[in-house]
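> Could you look at this predicted model? Sequence included:
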Amino acid sequence: MKAFFKEKGLYLLCLALVLVATVTGVLAVSKVVHSVTELAGARQKALEEESAWNQPDTIVTNPAGDVPLATPAPTSAPSASPSPSSQPSSAPQQPSAGSGAAGGSSGSAASPGVSSTWPADAEPLRAFSGSELVYSETLGDWRTHNGADYACEQGSGVQAVQGGTVEAVEQDALWGGVVTVAADENGVRWRYCGLQNIAVVAGDTVARGDILGTLGPIPSESRDPSHLHLECLQGEQPINPEAMKP
C-alpha cells in the first residue's frame, strides 16, 4: 500500500482536488441559478404591478340611472294661473296740473296735445286668450291673457274706445297706470292699462275718442313690444275687447 500511495499519491491528490473543485463549482452554479430565478420572478412581479397601474381609465358610456336629465323649456301649458289683471289695489293717481277736469266734475277729458292712438280701429298685437293659457315672456309662466294688446309708442295719446264715466284712476304694480271707464251703453267696463300723464279723474265723463292719457310702461308685459293693454269686463268677468268695440 505504501508503494501504491507513493506511486499514485500525487494522482489521487489531484483527483481529490478536481472533485472538490467540481462540487464547489456545482454548488456555486446552483446558487447563481437560484439567485437568477428569484431575480427573474421579482422582475416579472414588478412588471405586472406596473402594467396594472398603467391601465387606461375606463370610459363610462352609460350615465348613472339616478342622474336627472335636463328639462327642456315648457312646450305645453301647465295648470291654470290667472292673469295678474284682476283688480288693482293701490291708491288712485292724481292727474297732473292743467290736465283734465277737477275731481268729480262731469266735463269731458281735455287733450294733452300729443299724437294719439285709436285702439278702436286697430288690430290687436296680442289677442284675448279666454280660458286658454299663453306663455308670458316677462313673468316666465303660463297664464290667461285677459285683454287685447295694441301696438302703441311710448308717450302716444290713448283715446277712449267708447263713451262713459271714469270709474277709477289707479296705479297697479303689474299694469302701471290704469283707467277704468264704465260705458254708457251695454253695461261693460273698459280698463286701459299702462297709462301715464293721465288726463282724467274718477267721475269725469268721456266721449269716444277723448284722450285719457299717454302710454307708459307695463311692468307685467315689459318684454313685449310697446303696446296698450285693453280689457273689457262684463261685471267681473273678462270678455274679448274685439267683440265689444263699437
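Arrived safely, thanks for sending.
> Give the other helices and strands that the helix ranked longest in the chain contacts.
The single longest helix within the chain, with elements called by DSSP state H, is helix 2-53. Counting contacts by 3 or more Cβ pairs under 8 Å, 6 or more residues apart in numbering; DSSP states H and E, helix 2-53 packs against no other helix or strand. Glycine gets a C-beta too; all of them are placed from N, C-alpha and C.
> pLDDT of that helix, averaged?
For helix 2-53, mean pLDDT is 75.
> what do you get for stretch 196-212?
Taken as a whole, stretch 196-212 has a mean pLDDT of 96.
> Alpha carbons of it, as PDB, please.
Output of stretch 196-212 as PDB, limited to C-alpha atoms (Å, rounded to 0.1, in the frame of the first residue of the first chain):
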ATOM      1  CA  GLN A 196     -99.100 107.800 -17.600                       C
ATOM      2  CA  ASN A 197     -99.800 111.600 -17.600                       C
ATOM      3  CA  ILE A 198    -103.400 110.600 -17.000                       C
ATOM      4  CA  ALA A 199    -105.800 113.400 -18.100                       C
ATOM      5  CA  VAL A 200    -108.900 112.300 -16.200                       C
ATOM      6  CA  VAL A 201    -110.100 111.600 -12.700                       C
ATOM      7  CA  ALA A 202    -112.800 109.400 -11.300                       C
ATOM      8  CA  GLY A 203    -116.300 110.900 -12.100                       C
ATOM      9  CA  ASP A 204    -115.200 112.500 -15.400                       C
ATOM     10  CA  THR A 205    -117.400 111.900 -18.400                       C
ATOM     11  CA  VAL A 206    -115.600 110.900 -21.600                       C
ATOM     12  CA  ALA A 207    -116.700 110.500 -25.200                       C
ATOM     13  CA  ARG A 208    -115.400 108.100 -27.800                       C
ATOM     14  CA  GLY A 209    -112.000 109.400 -29.000                       C
ATOM     15  CA  ASP A 210    -111.200 111.500 -25.900                       C
ATOM     16  CA  ILE A 211    -107.600 111.400 -24.700                       C
ATOM     17  CA  LEU A 212    -107.300 109.500 -21.400                       C
END
